[in-house]
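In: Generate a structure from the sequence data that follows.
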Amino acid sequence: MSDKKDYQLDLIHRPRRLRQTQSLRDLVEETDLKISKLIQPLFVIEGDSICEPVDSMPGIERLSIDLLLKECESLIELGIGGVALFPKIEASLKCNMGREALNPESLIYRAIKALRKHFPELTIIADLALDPYTIDGHDGIVEIASQSPLNDVTVDILAEMAVLAADAGATMVAPSDMMDGRVGVIRKTLDANAFQSVLILSYAAKYASAFYGPFRDAVGSVSSETGAIIDKRSYQLNPANRREVLLETSLDESEGADILMVKPAGQYLDIIREVRESTILPVAAYQVSGEYAQIMAASEKGWLDLKACRNESLLAIRRAGADMILTYFAKAYAQDIN
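Out: Have a look, this model is predicted:
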């Protein structure tokens, strides 16, 4: 082999020339992962000075409002783009109709008010769905016979929730229910109540995924508390389908969505690309709790490098076409970068 070390191929193109040094690699880098593109999901609970770990999501806690304020102060200092809020309410407040969702003094609206008072410029995203409020853990009001949410009744409630969230100070409302027609009704209802500036971040492509388990644990839904499996396939998307997404996203866009979101992210990079190429609207992606948990679990076992896998997973989502990412890694990534 030693006598062949001077052998050279007759090549015109040598792509490796662009990868010789870090400065060259930086110059031709196609995708960035700015902290400002990341949104931190946060879980809020009742009480004072309460920091309650989510067992299935190492490093993630449920926070009382006073600690939520401190956490958001830290996130702002780190340059995080915004926060998405999810409540865990007392079991005694849950019912089949999810009435607590329409209580103006409910936990989530008090949390939004407190954040808006202390942080006027913070982007606050309010999730719109009934699963934290219903006994059965569904995203809408369920018909007993079919065990499937009643579409139009649910949409009416979601529109009322949107107004309450907007009145509390939410920057965006994010319907995550996958009911037909909800974006249009929410847009009209917000406008009718003088909330024309409130954005709609639509969960336009939310799949019936197996990767939501730790989230349901975090918000205390029925699946985590009883071990029951909630079948949401009658409204969330079939993981086998691609064309269906284009219908859902086009409908949401026509009804007034400001941003379209794909959820989950890592298992649906092809869908993110499909949506990116089909719309001029901003595209968001949600790296969900199961995606976070699997990287954390493997790294704790020593099987994966946490930071390297975290960064690669986020970069892949951006490369697929997401303009912004909801991720439980947002704070840790920002701390490492800073």
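In: Run through the helices of the stretch 201-338 of the chain in chain order.
Out: Secondary structure of the stretch 201-338 of the chain (DSSP state H, counting those that start in this stretch): helices located at 213-219, 222-226, 243-255, 269-278, 289-300, 306-320, 330-337.
In: Select, out of those helices, the one closest to residue 149.
Out: helix 222-226 (14.1 Å; C-beta to C-beta). Glycine gets a C-beta too; all of them are placed from N, C-alpha and C.
In: rewinding a little: mean neighbour count, the helices of the stretch 201-338 of the chain: which tops it?
Out: With neighbours taken as mean count of other C-beta atoms under 10 Å, the helices of the stretch 201-338 of the chain reach their highest mean count in helix 213-219, at a mean of 22.
In: Run through the neighbouring helices and strands of it.
Out: strand 82-87, helix 222-226, helix 289-300 (3 or more C-beta pairs under 8 Å, 6 or more residues apart in numbering; DSSP states H and E).
In: now that helix, how far from the chain's geometric center?
Out: On the basis of C-alpha atoms, centre = their mean, to the nearest Å, helix 213-219 sits 13 Å off its chain's mean C-alpha point.
In: neighbouring contacts of that helix?
Out: The contact list for helix 213-219, computed with C-beta atoms under 8 Å, 6 or more residues apart in numbering, reads 43, 54-57, 60, 62, 86-88, 131-132, 137, 223-224, 230, 288-290, 292-293.
In: Can you tell me the centre-most residue of the chain?
Out: Central residue of the chain (C-alpha atoms, centre = their mean): residue 286, 3.8 Å from the mean position.
In: where's it relative to residue 115, distance?
Out: As for residue 286, its distance to residue 115 is 20 Å (criterion: C-beta to C-beta, to the nearest Å).
In: Would you tell me which of the helices of the stretch 201-338 of the chain gets closest to residue 262?
Out: Among those, helix 269-278 sits nearest to residue 262 (C-beta to C-beta), with 5.0 Å.
In: now the closest one and helix 243-255, what's the angle there?
Out: 40 degrees (axes from the mean of the first three to the mean of the last three C-alpha atoms, to 10 degrees).
In: Distance from the chain centre to helix 269-278, please.
Out: Remark: helix 269-278 is offset 17 Å from the chain centroid, using C-alpha atoms, centre = their mean.
In: And it, what does it pack against?
Out: For helix 269-278, the elements it packs on are strand 199-206, helix 243-255, strand 259-263, strand 283-287, helix 306-320, judged by 3+ C-beta pairs under 8 Å, 6+ apart.
In: Throw the ones you listed into TSV and include mean pLDDT, thanks.
Out: Formatted as TSV, the helices and strands packed on helix 269-278 follow (pLDDT from 0 to 100):
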stretch	mean pLDDT
strand 199-206	96
helix 243-255	97
strand 259-263	97
strand 283-287	97
helix 306-320	98
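In: Let me have the ones you listed in TSV, adding distance to residue 111 as columns.
Out: Listed next are the helices and strands packed on helix 269-278 as TSV, based on distance: least, C-beta to C-beta, whole Å:
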stretch	distance to residue 111
strand 199-206	18
helix 243-255	26
strand 259-263	21
strand 283-287	20
helix 306-320	26
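In: how about low-confidence regions in the stretch 101-250 of the chain?
Out: Low-confidence segments of the stretch 101-250 of the chain, defined by pLDDT under 70: 222-228.
In: Can you show me the strands along the stretch 101-250 of the chain?
Out: Shown for the stretch 101-250 of the chain, the strands assigned by DSSP state E, counting those that start in this stretch span residues 124-128, 142-143, 148-149, 172-175, 199-206.
In: Quick one, which of those strands gets closest to residue 36.
Out: The minimum distance between residue 36 and these falls on strand 124-128, with 14.9 Å, by C-beta to C-beta.
In: who does the closest one pair up with?
Out: Using DSSP bridges, the strands paired with strand 124-128 are strand 82-87 (parallel), strand 172-175 (parallel).
In: Could you dump the helices and strands packed on helix 213-219 into CSV with distance to residue 19 added?
Out: Listed next are the helices and strands packed on helix 213-219 as CSV, based on distance: least, C-beta to C-beta, whole Å:
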stretch, distance to residue 19
strand 82-87, 35
helix 222-226, 46
helix 289-300, 26
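In: Where among the ones you listed is average confidence lowest?
Out: The minimum mean pLDDT among the helices and strands packed on helix 213-219 belongs to helix 222-226 (a mean of 51).
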